[in-house]
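Participant: Please find the sequence and the predicted model below.
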Amino acid sequence: MTTEQERWHVFPLRVRYEETDQMRVVFHGNYLTWFEIGRTELIRYAGFAYKEIEAAGLLLPVIDIDCKYVKPARYDDIVLVCTRIVDFTSIRISFESQIRRGSELGLTAGSRLESADALESFELLAAGGTRHMWVNSDFKPTRLERAFPELYDKLAQVVAQSD
């Protein structure tokens, strides 16, 4: 895999007390919420907010999700929500996600790590991904390049940056 193929969109968060459970670790469901934050911020990076996509009559439901938990995040940790598009067609899109323990090293919202080596320097907490299908408001599959060609082109550019 080349360096270009290893680019990740990174969004740092600080774990809030309310995200932890009685065991003093982040409740498992919050990792899936963080996956969603990663997806929405990656699409925002491409130039579109979800509200614009929904205003255009498009929805992007999850059709499959997986998550492997490796180590727990704890209150006040900095976590890096790392997201990249791994499959993109006019009907479906798949994201790979990793949650890593970060630091105060100057990563800001929307940072892009240029290689997997840079990502490897942060401790892996969870990894997985989500698969989605573009649908209209009636939940009928919709071809993105016809329904919202500007978004299709921008996402294709993001994918091309990683190829």
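Facilitator: Yep, it's here. From a predicted model like this one, the values you see are computed outputs, not experimental measurements.

Participant: give me every residue that touches G47.
Facilitator: If you count contacts by C-beta atoms under 8 Å, 6 or more residues apart in numbering, G47 has them with K154. Glycine gets a C-beta too; all of them are placed from N, C-alpha and C.

Participant: again with I99
Facilitator: Here I99 is in contact with 31, 34, 73, 79-82, 124-127 (criterion: C-beta under 8 Å, 6+ apart).

Participant: part of a helix, is it?
Facilitator: No: looking at I99 with DSSP: H, G, I helix; E, B strand; the rest coil, it is strand, so not inside a helix.

Participant: roughly how far apart are it and A118?
Facilitator: Separation of I99 from A118 (C-beta to C-beta, to the nearest Å): 16 Å.

Participant: that older thread, from the contacts of I99, which ones fall inside strands?
Facilitator: 79-82, 124-127 (DSSP state E).

Participant: Just the closest of these to T142, please.
Facilitator: Among the ones in strands among the contacts of I99, V81 lies closest to T142 (C-beta to C-beta), at 27.2 Å.

Participant: so that closest one makes contact with R39?
Facilitator: No: using C-beta atoms under 8 Å, V81 is not in contact with R39, being 9.3 Å away.

Participant: Give me the more crowded residue out of those two.
Facilitator: V81 (26 against 23; other C-beta atoms under 10 Å).

Participant: So for the top helix by length along the chain, what gets flagged as buried?
Facilitator: In the chain, assigned by DSSP state H, the helix with the most residues is helix 29-45. Along helix 29-45, these residues count as buried under the neighbour rule (16 or more other C-beta atoms under 10 Å): 30-32, 34-36, 38-45.

Participant: Pull out the buried residues from stretch 148-157.
Facilitator: 148, 151-152, 154-156.

Participant: Pull the most distant pair out of the buried residues of helix 29-45.
Facilitator: Farthest apart among the buried residues of helix 29-45 by C-beta to C-beta are N30 and Y45. That separation is 22.0 Å.

Participant: Please name the residues that touch M133.
Facilitator: M133 neighbours (C-beta under 8 Å, 6+ apart): 60-61, 63, 91-92, 141.

Participant: Among those, which one is most surrounded by other residues?
Facilitator: Once you tally neighbours by other C-beta under 10 Å, L60 ends up highest among the contacts of M133, having 19 neighbours.

Participant: next one: phi and psi at that one?
Facilitator: phi -130, psi 70 (degrees, to the nearest 10).
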